[in-house]
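Asks: Got a predicted model here, sequence first, then my questions.
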Amino acid sequence: MIKRMYKFHIIVIKYLAKELFKKRTPKELCSFLGLVAKQYFSVLLNEYKMLFRYFDKHYREELKLRKKHAGIKTDLIRALKLLQLVEKEMKEKGMPRWKIRQFFRDFYNNGEVREDVINDLMNKINGEAPNAKV
């Protein structure tokens, strides 16, 4: 929070230092400064709202739950991509659809098949040669 506020103020100061020395009429300068002030206070107000929310116990708990669910969602997306990769490799090897379906039934029901596939994928990730039967 403090870093963001610090960076924000540095950016505003640099922007003003650059823009104030451009040739403007007094009327343009006043409208320019009014617009900058309006944006500045709007951003500050939002930052303070976030700060006060962070001190709220319920908001922090909700934030933890969101992060937890986001982590679970990313894990599920990665798992889905790995399963799609396995299916794609099976199709490239020329396996028929019924054999692929049987594989996924076995994958769901049989723990040994899951361990073999997971070990095979981990070996591919680590760069070793696969040794599991797919």
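Replies: Structure's in. What do you need? Numbers count the residues shown, from 1 in each chain.
Asks: quick one: secondary structure of residue 22?
Replies: Following DSSP: H, G, I helix; E, B strand; the rest coil, we place residue 22 in the coil state.
Asks: Show me where this structure has its strands.
Replies: With strands called from DSSP state E, the chain shows none.
Asks: pLDDT below threshold where in this protein?
Replies: For the chain, the stretches flagged by pLDDT under 70 are 1, 128-134.
Asks: How far away from the center of its chain is the longest helix belonging to it?
Replies: In the chain, assigned by DSSP state H, the helix with the most residues is helix 57-92. Centroid separation for helix 57-92 versus its chain: 11 Å, with C-alpha atoms, centre = their mean, to the nearest Å.
Asks: just stretch 101-111 next, same as before
Replies: With C-alpha atoms, centre = their mean, you get 31 Å for stretch 101-111.
Asks: Kindly report the same for stretch 76-93.
Replies: Put simply, stretch 76-93 sits 22 Å off its chain's centre (C-alpha atoms, centre = their mean).
Asks: mind listing what's buried in it?
Replies: Residues 86, 90 are the ones in stretch 76-93 that count as buried (16 or more other C-beta atoms under 10 Å). No exception for glycine: its C-beta is placed from N, CA and C like everyone else's.
Asks: Kindly export it (C-alpha atoms) in CSV.
Replies: Output of stretch 76-93 as CSV, limited to C-alpha atoms (Å, rounded to 0.1, in the frame of the first residue of the first chain):
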residue,chain,number,x,y,z
LEU,A,76,-7.8,-27.6,-12.0
ILE,A,77,-7.0,-25.7,-15.2
ARG,A,78,-3.5,-27.2,-15.2
ALA,A,79,-4.8,-30.7,-14.5
LEU,A,80,-7.3,-30.3,-17.4
LYS,A,81,-4.5,-29.2,-19.7
LEU,A,82,-2.5,-32.2,-18.8
LEU,A,83,-5.4,-34.6,-19.4
GLN,A,84,-6.0,-32.9,-22.8
LEU,A,85,-2.3,-33.4,-23.6
VAL,A,86,-2.5,-37.1,-22.7
GLU,A,87,-5.6,-37.4,-24.9
LYS,A,88,-3.9,-35.6,-27.8
GLU,A,89,-0.9,-37.8,-27.6
MET,A,90,-3.1,-40.9,-27.6
LYS,A,91,-4.8,-39.6,-30.8
GLU,A,92,-1.5,-38.8,-32.4
LYS,A,93,-0.4,-42.4,-31.7
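Asks: Fine by me, we can end here.
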